[in-house]
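Q: sequence and predicted structure below; questions after.
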Amino acid sequence: MTFSAPSRPSPPTAHTPARTRPAAASGPPPARLRLWAGGAAAWTLLYVGSKVHYALEGRLGVTGGPEVAAGSYDAYGPGDVAGAQWANAAVGLTVVLLFAFCRTPRARRLPRWAVLPAVGAVALMAAAGAVGMLVRAAATDAGGAVFGGYCLVWTVLAVGTLITLHRSTGPAPATGRPKA
């Protein structure tokens, strides 16, 4: 019985190309990513619609959120309430565009660090909204449980997108077989 030393990779020659950094993933995103990101985008549109509705009425708050005290309007000048709600709607629309982008092949070609922090920030923001609203609704009679539940679903959709995006972006596995 003879034993041989483990083989070492030979240096690249004209017949064996040098290994380069793997190319980024290409092709359409996996169906799971399209489903999670599409659900998150559609769910976020409900928030945008609520903010547009409140902006048109010049009201503070959000659909299903806690009751807003009349004194809260004192901090705003004429028309500022609508402006604040329009700004919230614009932020929500930016989040919709982020989730819609996650559904595209272009998102898979970017390095993970380029997309994941933004999706993670949305997930954290939604989680904070869920915890804050649900705890406040349980501790007081101000309401907000409906919006807290909405934020909880939003968190699940954002985290699902985050996890699936993490698994499907970045460098693709190297092609070819290693030399024995």
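A: Looks like it arrived, so ask away.
Q: okay, CA-based contacts and neighbour counts for the rest of this
A: Fine.
Q: for the protein, which segments count as helices?
A: Using DSSP state H, the helices of the chain run over residues 31-57, 80-102, 105-109, 112-139, 145-168.
Q: worst mean pLDDT among the ones you listed?
A: Within the helices of the chain, the least confident segment by mean pLDDT turns out to be helix 105-109, at a mean of 82.
Q: quick check: buried residues in it?
A: Pro105, Ala107, Arg108, Arg109 (16 or more other Cα atoms under 10 Å).
Q: residue contacts, Phe119?
A: You called it Phe, but residue 119 is Val. Val119 makes contact with Leu98, Phe99, Ala158, Thr161, Leu162, according to Cα atoms under 8 Å, 6 or more residues apart in numbering.
Q: so which of those is the closest to Ala70?
A: Of all the contacts of Val119, the one with the least separation from Ala70 (Cα to Cα) is Ala158, at 33.2 Å.
Q: re the thing from before, which members of the contacts of Val119 are classed as buried?
A: Among these, those classed as buried by 16+ other Cα under 10 Å are Leu98, Phe99, Ala158, Thr161, Leu162.
Q: against Thr140, how distant is the residue lying closest to Gly39 once chain neighbours are set aside?
A: Here the nearest residue to Gly39 in space, its sequence neighbours aside, is Leu157; by Cα to Cα, 6 or more residues apart in numbering that works out to 6.7 Å. In this structure, Leu157 and Thr140 are 28 Å apart, going by Cα to Cα, to the nearest Å.
Q: which one of the two has more residues nearby?
A: Under the neighbour definition other Cα atoms under 10 Å, Leu157 and Thr140 were set side by side, and Leu157 has more, 22 against 11.
Q: ok, the more buried one to Val95 distance?
A: Applying Cα to Cα to Leu157 and Val95 gives a distance of 12 Å.
Q: adding distance to Glu67, write the helices of the chain out as JSON lines.
A: Converted to JSON lines, those look like this (distance: least, Cα to Cα, whole Å):
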{"stretch": "helix 31-57", "distance to Glu67": "13"}
{"stretch": "helix 80-102", "distance to Glu67": "15"}
{"stretch": "helix 105-109", "distance to Glu67": "39"}
{"stretch": "helix 112-139", "distance to Glu67": "11"}
{"stretch": "helix 145-168", "distance to Glu67": "11"}
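Q: list just the one of those helices that sits closest to Thr63.
A: Of all the helices of the chain, helix 31-57 comes closest under Cα to Cα, at 5.9 Å.
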